[in-house]
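> can't give you the sequence, but here's the structure:
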Ligand SMILES: Cc1cc2nc3c(=O)[nH]c(=O)nc-3n(C[C@H](O)[C@H](O)[C@H](O)COP(=O)(O)OP(=O)(O)OC[C@H]3O[C@@H](n4cnc5c(N)ncnc54)[C@H](O)[C@@H]3O)c2cc1C
């Protein structure tokens, strides 16, 4: 293990750090901005907002995504809302409170300075989006409406029905289109980044593959921004869009970027339960539903098979309200997920395989009327009915935890720059703000904060020293990276085995869910670390990748991504094994309080773990670097939501 990483956190009081940092950062003058080319990989809320803003500032931006349109980025799936400390409800919210809730929600494993800045800029995001025309829900009097999300005792979540991500992305896409029309942003849809090119220690380009034609290209730039989202699909089953993957960040890791806290995975408590072996996707039922829905299971396991209507009130266990009376059904995700697993492990789970708990709206319908519930959550009830065939206005929904979000990601400093100069990482792809557990409605906030309000200040600070240093893409490093990409593709096409990609990926997912999912322990993680390399070998021997590389070939796309998942999974397990404590979503069976809550070890683990690639595990294990987290403002306490 090696010493401290330098996070470049500005000095001074917490609430002045960002302002003073902006005041002292270097600038690029308007006339010089067009001389810089910036690559933005990703066009979701993080990448789209960054590309549009940098274009508006006058930089020449090239924005890449693998979908056929930026509008199809996974961000479009976000349902519930986006947090901001506006205090429209007059219920006691403030920048400090959003900051504190986020630090506590993340179980004290994130940087104070980053999180404070996030809370500070949260209000600007709402103003910007309203100006773009995002149709946030409004109160009768016209003010924007708010609801509550887990881990908060105020209502600070702005929403557009159950389609907040879609509406935010449309706003962002409009801003992007304006720049495309103005010629400052060039968009490259259906183009996958397959490597980062490092020249003289700086990120100066990428290698891409055109997914329609198979053409491999390389692109030089003055800086590279990765906004490539999360890697929850390493588990095969997750609530993420099917395309989400780790390839961009993992390949940057193999080029020297440190990967931080890879084992921190969020398991969301409110998803439609898994229903069969051949299912390829899980569906989220937004956390917003827990504003009005009450979570329960039968008190006695003998009742678990009965219909919910046959179980009278005294025989129901509203376990979240019982265990966490202050936050109740809006307890944070890690805690609510574990509580659901616990009651199901006791045999009180409902539905197929006993892996479900009820989310019941009967009381809310009685109190507010069905129409109000329909207005608030109508589209979510429709999704539920389409998938399960059940009408949740009449019988309770059944829900169970599922993989949803990854707090881990590439390590970045306060400027959102990785340890490779010129390589910036934003949105879900970085590790920055959520510690060991993200609070609901904070991912959209972070992605848009990064893209609209932080990167546009910190990127020029780097670029100011880079004038005239953009290499030509004839440089040997570009040729070398391109050659390696071609070689990897050829090797995948040569395997010519019998097994489907899905079957190997499913096996990997089941292993990870079992050994590195909602609960982990030393022997399980060691077992996974033995089995993953075996599975990887089988992949390279047995899998079948039909077609060729010169054409549209979705199997080839997926093969590259699954190959990366198979390597990355080992890094996750190694990280989970090295972090010999419990914190947030990382629950080690060996470390729990007498009440079964996560037991942190602040003396030894109040750190970010950041891993350095050393040669694929078999050659040398990844090297661990640690960034100590210093808490100057908050006191580290045992998290309590009672
Ligand atoms: C079902 C669901 C509901 C959610 N609801 C909420 C919510 O209500 N509130 C909230 O705050 N958060 C929510 N989240 C989380 C939130 O949606 C995501 O964390 C966030 O949208 C991620 O945005 P992003 O821009 O970082 O990445 P994404 O939106 O995933 O975008 C990634 C982009 O990178 C591109 N890309 C990736 N790899 C490559 C590559 N190799 N080459 C080229 N392009 C590449 C993709 O094409 C895409 O454009 C939800 C998540 C899910 C799964």
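In hand now; what should we look at? Here the structure is a predicted model, which is why all the values come from computation and not from measurement.

> what is the neighbour count of whichever residue of the stretch 401-550 of the chain sits closest to the ligand?
At 2.5 Å from the ligand, residue 427 is the closest residue in the stretch 401-550 of the chain, using CB to the nearest ligand atom. All C-beta atoms are positioned from the backbone trio N, CA, C, and that covers glycine. Residue neighbour count, defined by other CB atoms under 10 Å, stands at 32 for residue 427.

> same check, this time on the one 3 residues further on
Residue crowding around residue 430 was assessed by other CB under 10 Å; the count is 27.

> isn't it right next to residue 410, touching?
Yes. Contact status for residue 430 versus residue 410: in contact at 5.5 Å, counting by CB atoms under 8 Å.

> overlap of the contact sets of these two?
Each of residue 260 lies in contact with both residue 430 and residue 410 under the rule CB atoms under 8 Å, 6 or more residues apart in numbering.

> mind listing the helices for the stretch 501-642 of the chain?
Secondary structure of the stretch 501-642 of the chain (DSSP state H, counting those that start in this stretch): helices at 501-516, 522-542, 554-578, 602-605.

> okay, the angle between the longest one and helix 522-542?
Yep, that's helix 554-578 we're talking about. Note on geometry: by axes from the mean of the first three to the mean of the last three CA atoms, to 10 degrees, helix 554-578 and helix 522-542 are set 160 degrees apart in direction.

> ok, which of the helices of the stretch 501-642 of the chain comes nearest residue 205?
helix 554-578 (19.1 Å; CB to CB).

> which stretches of the stretch 101-250 of the chain form helices?
Using DSSP H, counting those that start in this stretch, the helices of the stretch 101-250 of the chain run over 112-132, 164-182, 247-254.

> just the buried residues of the second one, please?
Taking 16 or more other CB atoms under 10 Å as the basis for neighbour counts, the residues of helix 164-182 that come out buried are 164-173, 175-176, 179-180.

> outside of it, which residues touch it?
By CB under 8 Å, 6+ apart, helix 164-182 touches 43-45, 48-49, 51-53, 55-56, 61, 63, 70-71, 73, 75-82, 129, 132-136, 158, 160, 185-187, 444, 448, 451.

> neighbours around the closest residue to residue 279 other than its chain neighbours, how many?
Once its chain neighbours are removed from consideration, residue 279 has its nearest residue in residue 237; the separation is 6.7 Å (CB to CB, 6 or more residues apart in numbering). Using other CB under 10 Å, the number of residues around residue 237 comes to 20.

> ok, residue 237 touching residue 274?
Yes. A contact is recorded between residue 237 and residue 274 when judged using CB under 8 Å, the distance being 6.6 Å.

> check which helix or strand the closest residue to the residue of the stretch 401-550 of the chain closest to the ligand other than its chain neighbours maps to.
With CB to CB, 6+ apart as the criterion, residue 427 has its nearest non-adjacent residue at 2.5 Å, and that residue is residue 46. In this structure, residue 46 is located in helix 45-57 according to DSSP states H and E.

> what comes into contact with whichever helix or strand comes after that helix?
Read in the C-terminal direction, the helix or strand following helix 45-57 is strand 60-64, with elements assigned using DSSP H and E. Surrounding strand 60-64, the residues in contact under the criterion CB under 8 Å, 6+ apart are 34, 36-43, 47-48, 51, 54-55, 70, 176, 179, 184-188, 191-193, 206, 208, 219, 221.

> out of those, list just those in strands.
37-41, 185-188, 191-193, 206, 208, 219 (DSSP state E).

> could you flag which of those residues are buried?
The neighbour-count test (16+ other CB under 10 Å) applied to the ones in strands among the contacts of strand 60-64 identifies 37-41, 185, 187-188, 191-193, 206, 208, 219 as buried.

> these: which two are farthest apart?
In terms of CB to CB, these reach their longest pairwise distance at 37 and 192, which sit 19.5 Å apart.

> quick one: residue 490 is in a strand?
No. With DSSP: H, G, I helix; E, B strand; the rest coil as the criterion, residue 490 is located in helix rather than a strand.

> just checking, residue 316 touches residue 296?
Yes. Using CB under 8 Å, residue 316 is in contact with residue 296, at 4.7 Å.

> below-threshold pLDDT in the chain: ranges please.
Screening the chain residue by residue with the criterion pLDDT under 70, one finds the ranges 1-4, 616-619.

> which of the contacts of strand 60-64 come close to the ligand?
Under the cut-off given by CB under 6 Å from any ligand atom, the ligand has 41, 42, 43, 47, 192, 193 from the contacts of strand 60-64 close to it.

> how far away is whichever residue of the stretch 151-300 of the chain sits closest to the ligand from residue 82?
When distances are taken as CB to the nearest ligand atom, the stretch 151-300 of the chain reaches nearest to the ligand at residue 229, 2.5 Å away. From residue 229 over to residue 82 the distance is 16 Å, taken as CB to CB, to the nearest Å.

> what's the answer for residue 175, then?
As it turns out, when the distance is counted by CB to CB, residue 175 lies 16 Å from residue 82.

> now swap in residue 525 and tell me
The spacing between residue 525 and residue 82, counted by CB to CB, is 35 Å.

> just residue 510 next, same as before
If you go by CB to CB, the gap between residue 510 and residue 82 works out to 33 Å.

> more neighbours: which of those two?
When residue 510 and residue 82 are compared for neighbours, residue 82 comes out ahead with 30 against 15, by other CB under 10 Å.

> helix or strand: which one has the closest residue in space to the more buried one that isn't next to it in sequence?
Across the structure, with CB to CB, 6+ apart as the measure, the residue nearest residue 82 apart from its sequence neighbours is residue 444 (4.1 Å). Element membership for residue 444, per DSSP H and E: helix 443-448.

> next, count neighbours for the closest residue to residue 290 other than its chain neighbours.
The shortest distance from residue 290 to any non-neighbouring residue, by CB to CB, 6+ apart, is to residue 329 (4.5 Å). As a burial measure, the neighbour count of residue 329 was computed by other CB under 10 Å and equals 25.

> list buried residues within the contacts of helix 164-182.
Among the contacts of helix 164-182, those buried by neighbour count (16+ other CB under 10 Å) are 43-45, 48-49, 51-53, 55-56, 61, 63, 70-71, 73, 75-82, 129, 132, 134, 136, 158, 160, 185, 187, 444, 448, 451.

> if I look at the residue nearest to residue 82, how far off is residue 371?
Using CB to CB, one gets 28 Å for the distance from residue 444 to residue 371.

> follow-up on the earlier one: residue 533: which of the buried residues of helix 164-182 is nearest?
Top of the list for closeness to residue 533, among the buried residues of helix 164-182 and by CB to CB, is residue 165 at 36.7 Å.

> give me the nearest residue to the closest one, chain neighbours excluded.
Leaving out its chain neighbours, residue 165 is closest to residue 78 (CB to CB, 6+ apart), at 2.6 Å.

> who's in contact with that neighbour?
Taking CB under 8 Å, 6+ apart as the criterion, residue 78 is in contact with 45, 164, 165, 166, 168, 443, 444.

> how about residue 294?
So, once contact is read as CB under 8 Å, 6+ apart, residue 294 ends up touching 318, 321, 329, 359, 360, 361, 363, 364.

> returning to what we had before: wait, the residue nearest to residue 82 touches residue 76, no?
No. Residue 444 lies out of contact with residue 76 (CB under 8 Å); the separation is 11.2 Å.

> okay then, goodbye and thanks.
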